[in-house]
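Undergrad: Kindly generate the corresponding structure for this input.
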Amino acid sequence: MTSNYTYRGRHRAANATHTRRNIALVGASTAALAGLGAAPAMASPVDDLNAQIAEGALDAHDSAQDQAAEVPEQFRDVYEQGVTNLTDVVAPGALDQRAAEQAAAEAAAAEQARQDAWNDTTNTPCPVTAKACVDLDGRRAWLKNGDDTFYGPVYISSGAPGEDTETPRGTFYVTYKVKDEVSHEFNDAPMPNSVYFTWSGHAFHSGDPDVDSAGCIHLGGNDSAVFFDNLQEGDEVFIY
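TA: Numbers count the residues shown, from 1 in each chain. Take a look at the predicted model:
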């Protein structure tokens, strides 16, 4: 809280006794604000009573801390700690619980923001002419018509680091498709829904998106089927 208060020292300097008395007064005010002077109806459950006390204590804590700027600077730390200590006495654990709830809410908001950014396919380098877009660093791919994304983004994996395994970046075009492909290079390993976009063996195909490939784009089974059905020879693929 910003305050223009200036302590001018018109009275004698506060001593330790005065400081303790001020903290005690703050404590009494906080307890009163916590609702200790007004007992709830006897029919109220204990949990409701504790919740009311905690809510009142937290409100009183916040109100008292908002006044910290009004306290002379040399006593401010003692004042703030006194308010916190009293709140812990009136409502044990309430401050910690609120802090944990706030931290959880902030973490959830940050995760939602990250997810929203991951799902946002606007303002990417992918050109309007591309039918399939692949963001290697973001581990995602999507299908589009012009500026409109009609499928995805979906989670992918790509080539493992290395000169012979990394997935190339740039503009490519679908060369051919094989529904029930197998990899002769890797002991006839199945590569369902293969959509090749280079003549060097790079393709979209069904695979584990949590496992690096040897250069292809791994898609989950359902996703690979959608890519296979929607991509045709000559369609532009942009990888960045």
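Undergrad: how deep is N119 tucked in, by neighbour count?
TA: 12 (other Cβ atoms under 10 Å). Placement of C-beta: from N, CA and C, glycine included.
Undergrad: Verify the stated contact: L95 with V89.
TA: No - proximity of L95 to V89 does not meet the contact threshold set by Cβ atoms under 8 Å, at 11.2 Å.
Undergrad: helix or strand right after the lengthiest strand in the chain?
TA: Longest strand in the chain, counting residues (DSSP state E): strand 148-157. Next in sequence after strand 148-157, counting helices and strands by DSSP states H and E, comes strand 170-173.
Undergrad: still on that earlier bit, what packs against the longest strand of the chain?
TA: strand 140-145, strand 217-219, helix 221-230 (3 or more Cβ pairs under 8 Å, 6 or more residues apart in numbering; DSSP states H and E).
Undergrad: neighbouring strands for that strand, and are they parallel or not?
TA: Paired neighbours of strand 148-157 in the sheet (DSSP bridges): strand 140-145 (antiparallel), strand 217-219 (antiparallel).
Undergrad: can you give me the helices in the protein?
TA: 16-33, 46-66, 73-90, 94-119, 221-230 (DSSP state H).
Undergrad: For G138, which of these is the nearest?
TA: helix 94-119 (6.5 Å; Cβ to Cβ).
Undergrad: mind giving me the domain ranges of the protein?
TA: 16-111, 132-239 (automatic domain parsing).
Undergrad: Mean neighbour count, those domains: which tops it?
TA: domain 132-239 (a mean of 17; mean count of other Cβ atoms under 10 Å).
Undergrad: Where does pLDDT dip in this structure?
TA: For the chain, applying pLDDT under 70 flags the ranges 1-44.
Undergrad: need the contact list for G138.
TA: Contacts for G138 were tallied using Cβ atoms under 8 Å, 6 or more residues apart in numbering; they are 118, 153.
Undergrad: before we move on, back to that, could you dump the helices and strands packed on strand 148-157 to TSV with distance to Y79?
TA: Shown next, in TSV, are the helices and strands packed on strand 148-157 (distance: least, Cβ to Cβ, whole Å):
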stretch	distance to Y79
strand 140-145	52
strand 217-219	60
helix 221-230	59
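Undergrad: closest to T84 out of these?
TA: strand 140-145 (45.4 Å).
Undergrad: what's the angle from that closest one to helix 94-119?
TA: 50 degrees (axes from the mean of the first three to the mean of the last three Cα atoms, to 10 degrees).
Undergrad: which residues touch strand 140-145?
TA: 118, 121, 126, 130-135, 149-156, 204, 217, 219, 226-227, 230-231.
Undergrad: at 6 Å what do you get?
TA: 121, 132-134, 149-154, 156, 230 (Cβ atoms under 6 Å, 6 or more residues apart in numbering).
Undergrad: Now for the residues you listed: which two are most distant?
TA: So, these by Cβ to Cβ: farthest apart are F150 and I156, at 17.1 Å.
Undergrad: Report the contact partners of the closest residue to Q232 other than its chain neighbours.
TA: Nearest non-adjacent residue to Q232, counting by Cβ to Cβ, 6 or more residues apart in numbering: V174, 6.4 Å away. Taking Cβ under 6 Å, 6+ apart, we find V174 in contact with 195, 197, 231, 233, 235.
Undergrad: Understood, closing this out.
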